[in-house]
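S.K.: One predicted model, sequence on top.
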Amino acid sequence: MTPEIVVRSLDLNDDVLAQLAALLPEPERAQGWKYYHARDRRRFIARRGLLRRLLAERLLCHPQEIAFEQNPFGKPSVPGCGLRFNLSYSRGMGLFVFTEGHEIGCDIEWRDSRYATRAVADHFFTACERTALDALAGENWVAGFYDCWTRKEAFLKARGGGLSLPLDDFDVSLAFAEPPRFLRGGLGWTLHAWTLGEFHLAIALED
């Protein structure tokens, strides 16, 4: 099974942004105005407007007609249909994924060496993942860190429990020569992962 993948810039010109803002119901537009920085307000409108437009194209309805539900951990869904979707964003880039009848989660992260630290790896990665990471050096270590992070995050989002789920229940591959896959604990799930410039992207899809 291959998910639908859409990657879009969230830094849009005023005309396009106005068109997307018109697709949002008033409570959602008001939510965007709560952001302090104009850049963050614009990106919120862009990602929510794009999500509604992309969903409406698949559900054959008007974007404003879509009513979202969230589970207790914040994962959104559209009740009454088999379409599953997820959204992630980082540094002005949005990742949107869609599939029918199977749970899905995604993550996109811009590679920034300031946040790829041993302390973070020790806290969030398993012993197996840290061993694989330590086989890398320099920029490869940083890239491996973000490969691991995005794959784990995508799986947590797909399962709908966020960081309430134990991070040591599963291992993901991160060696450059290996395809993205679960090494432990991912039975019934498939990983997709790739890079786009300085961005790392990952999808976890229920089989």
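M.R.: Okay, I see it.
S.K.: Where does pLDDT dip in the chain?
M.R.: The chain contains residues with pLDDT under 70 at 163-164.
S.K.: those strands in it, which residues are they?
M.R.: 4-9, 69-70, 76-77, 83-90, 93-100, 104-110, 171-172, 182-184, 189-196, 199-206 (DSSP state E).
S.K.: Nearest approach to Arg42 belongs to which of those strands?
M.R.: Nearest to Arg42 among the strands of the chain is strand 4-9 (11.3 Å), distances taken as CB to CB. Where C-beta positions appear, they are placed from N, C-alpha and C, glycine not excepted.
S.K.: now the closest one, how far from the centre of its chain.
M.R.: Distance, stretch centre to chain centre, for strand 4-9: 11 Å (CA atoms, centre = their mean, to the nearest Å).
S.K.: how far off strand 83-90 does it point, in degrees?
M.R.: 30 degrees (axes from the mean of the first three to the mean of the last three CA atoms, to 10 degrees).
S.K.: quick revisit: nearest to Tyr36, of the strands of the chain?
M.R.: Nearest of the strands of the chain to Tyr36, taken as CB to CB: strand 83-90 at 17.4 Å.
S.K.: residues of that closest one that come out buried?
M.R.: Within strand 83-90, the residues that count as buried by 16 or more other CB atoms under 10 Å are 84-90.
S.K.: mind giving me a markdown table with the residues you listed and columns for distance to Arg41?
M.R.: Listed next are the buried residues of strand 83-90 as a markdown table, based on distance: CB to CB, whole Å:
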| residue | distance to Arg41 |
| --- | --- |
| Arg84 | 28 |
| Phe85 | 23 |
| Asn86 | 23 |
| Leu87 | 17 |
| Ser88 | 19 |
| Tyr89 | 14 |
| Ser90 | 17 |
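S.K.: just the residues you listed now: which is nearest Glu65?
M.R.: Phe85 (15.8 Å).
S.K.: what about the closest residue to the closest one other than its chain neighbours, how many neighbours?
M.R.: Nearest non-adjacent residue to Phe85, counting by CB to CB, 6 or more residues apart in numbering: Phe98, 4.8 Å away. If you count neighbours by other CB atoms under 10 Å, Phe98 ends up with 17.
S.K.: Could you do the one 3 residues further on as well?
M.R.: Residues within reach of Gly101, counting by other CB under 10 Å, total 10.
S.K.: what's the nearest residue to it if we skip its chain neighbours?
M.R.: Gly82 (4.5 Å).
S.K.: Verify the contact between the one you found and His102 for me.
M.R.: No - using CB atoms under 8 Å, Gly82 makes no contact with His102, being 9.0 Å away.
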